[in-house]
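Student: Here's a sequence, model it:
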Amino acid sequence: MAKHLFSAVAVVFAVACVLPALAIAARDVGVVKRGFVVQGRVFCDTCRAGFETPVSTYLQGARVRVECRSEVTGAKTCSSEGTTDHTGTYHILVAGEHDDHEVCESLLVSSPESGCKTALQGRERAPVFLSHNNGIASDTRFANSLGFLKDTSLPVCTELLKSYEQYED
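Tutor: Numbers count the residues shown, from 1 in each chain. Alright, predicted model coming up:
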């Protein structure tokens, strides 16, 4: 009888303590190997408005880099590049966990469009948080859109930008 009681206690101990610890350890190992996918879009500001408009175009073939740097020393800890698809969207795989001691950003590298090569000030970089210690369950991180400025605005832009004025106080 005592032998069966001991076996029952051992099983309960294993279920209550050992199995959860193994599950947590296995999850943490998977996190390190898994990494993140940083996703965002690159546009051409065809109205030179400083933001996306209905006539902005999304650039296929734009190059984007995701960089992480030490918050203390500024040293680069990670760098991965990618290219946008036909919708102007990039998906860049970044290995590993990049916690509070690192600052990570998506950065414009180059534009494939000859009349739209100047990085739009304030839209040339976007922060991304590459840690699983922030409550986000997904491994995909979304960055704000990055933009280039068209050399000359489209003729339709004058009327379009006037329509935005009606909302100003």
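Student: How is Ser114 assigned, secondary-structure-wise?
Tutor: Secondary structure for Ser114, judged by DSSP: H, G, I helix; E, B strand; the rest coil, is coil.
Student: Give me the pLDDT for it.
Tutor: The score at Ser114 is 95. That number is its pLDDT.
Student: any idea how far Gly61 is from it?
Tutor: 12 Å (CB to CB, to the nearest Å). For every residue, glycine as well, the C-beta is placed using N, CA and C.
Student: more crowded one of the two?
Tutor: Per other CB atoms under 10 Å, whichever of Ser114 and Gly61 has more neighbours is Gly61, with 14 against 7.
Student: which residues touch the more buried one?
Tutor: Thr83, Thr84, Pro112 (CB atoms under 8 Å, 6 or more residues apart in numbering).
Student: Assign it to helix, strand or coil.
Tutor: Going by three-state DSSP: Gly61 is coil.
Student: Which residue ranges of the chain form strands?
Tutor: 36-45, 57-58, 63-70, 76-83, 89-94, 102-110, 118-119, 125-128, 140-142, 146-149 (DSSP state E).
Student: Could you please name the strands the second one pairs with and the direction of each pair?
Tutor: Yep, that's strand 57-58 we're talking about. Sheet pairing for strand 57-58, assigned by DSSP bridges, gives strand 36-45 (antiparallel).
Student: centroid residue for the protein?
Tutor: Closest to where the C-alpha atoms of the chain average out (CA atoms, centre = their mean) is Val38, at 3.4 Å.
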